[in-house]
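Asks: sequence and computational prediction follow.
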Amino acid sequence: EVQLVESGGGPAQPGGSLTLSCTASGYTNSRYCIAWFRQAPGKEREGVAVLYAGGGRVDYAESVKGRFTMSLDNAKTTVYLQMNTLKPEDTAMYYCAAGSSCPRLWAGYVTYWGQGTQVTVS
């Protein structure tokens, strides 16, 4: 059973930075794709970034390109989302998610979800 645990959320000022972490257990990076999603109150959930199995490729939503960076640690058990130049519209609950197919994961077909971590930019 894969378990995903996010951390690192909190308050931030516009223009500031935060780094989110997602630690996975029961997970083999070479098998799964892992992604960050976010959902703001009253809005639909949206994909933020997806890291392909093995860590060789990352795709980003247009709204965060150039500001957010998703990466994988050497042990391949923790993924990070470095968020720079934060904007108030980045305020949302951020979720880590995993699935066996990256295109399907990006489309929202998630096999495993984390519990989420709140990011508030104001």
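Replies: Yep, it's here.

Asks: hey, which helix or strand in this protein has the poorest pLDDT?
Replies: Least confident element among the helices and strands of the chain, by mean pLDDT, DSSP states H and E: helix 102-106 (a mean of 90).

Asks: counting by contacts, list what that helix packs against.
Replies: If contacts are counted by 3 or more Cβ pairs under 8 Å, 6 or more residues apart in numbering; DSSP states H and E, helix 102-106 sits against strand 33-39, strand 46-51, strand 92-99. C-beta coordinates here come from the backbone N, C-alpha and C atoms, glycine included.

Asks: could you give the number of residues near Ala49?
Replies: The local packing of Ala49 (other Cβ atoms under 10 Å) involves 23 other residues.

Asks: can you check Cys96 too?
Replies: Count around Cys96 with other Cβ under 10 Å applied: 27.

Asks: Ala107 now?
Replies: Ala107 has 11 nearby residues by other Cβ under 10 Å.

Asks: same thing with the one 10 residues further on?
Replies: The number of residues packed near Thr117 is 21, by other Cβ under 10 Å.

Asks: ok, now the one 3 residues further on?
Replies: Number of residues near Thr120 (other Cβ under 10 Å) recorded here: 15.

Asks: mind listing the strands the one helix or strand it maps to pairs with, and their directions?
Replies: In the assignment (DSSP states H and E), Thr120 maps to strand 117-121. Strand pairing for strand 117-121, using DSSP bridges, gives strand 10-12 (parallel), strand 92-99 (antiparallel).

Asks: any chance of the helices and strands packed on helix 102-106 in JSON lines with mean pLDDT and distance to Val58 as columns?
Replies: Formatted as JSON lines, these follow (pLDDT from 0 to 100; distance: least, Cβ to Cβ, whole Å):
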{"stretch": "strand 33-39", "mean pLDDT": "95", "distance to Val58": "10"}
{"stretch": "strand 46-51", "mean pLDDT": "95", "distance to Val58": "5"}
{"stretch": "strand 92-99", "mean pLDDT": "95", "distance to Val58": "14"}
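
Asks: I am finished for the moment; much appreciated.
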